[in-house]
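Colleague: only the shape, not the letters, is given here:
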């Protein structure tokens, strides 16, 4: 979900008595959206909760973010985590104005978590292999 939408939703929830905390990698959008509590990690978009396949980094990021519920006491406060991405090569692509599409092709084949899910989809008529 985009950082701006999350910021707006968090502000609405907080106004209705539900504590929120936003974790993300777009500092400028958090600064503009001013969610009640926000934690910024200087990682590429899509990796706000830590590096893929790095359980320790994910634990460190999420644990530090959750501590923000206790440490972020001023509305709109933004905590910056000290975590660093292993290299800065991603920054050039993230700031590029070339407009090239770097997404992977979409796989149109349905994906099922378990074989039983696939069987249930077939049995219900929701999907037919083919």
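Modeller: Everything's here; your move. Because the structure is predicted, anything quoted here is derived from the model rather than measured. Residues are numbered from 1 along each chain as shown.

Colleague: which SS state does the nearest residue to residue 2 once chain neighbours are set aside fall under?
Modeller: Spatial nearest neighbour of residue 2, excluding adjacent residues (C-beta to C-beta, 6 or more residues apart in numbering): residue 29 at 7.7 Å. Every C-beta, even on glycine, is put in place using the N, C-alpha and C of the backbone. Of the three states, residue 29 takes helix according to DSSP: H, G, I helix; E, B strand; the rest coil.

Colleague: so residue 29 makes contact with residue 5?
Modeller: No: with contact defined as C-beta atoms under 8 Å, residue 29 does not reach residue 5; the gap is 9.8 Å.

Colleague: neighbour-wise, which of those two wins?
Modeller: More crowded of residue 29 and residue 5, by other C-beta atoms under 10 Å: residue 29, with 19 against 11.

Colleague: who touches the more buried one in this structure?
Modeller: Each residue near residue 29 by C-beta atoms under 8 Å, 6 or more residues apart in numbering is listed here: 2-4, 7.
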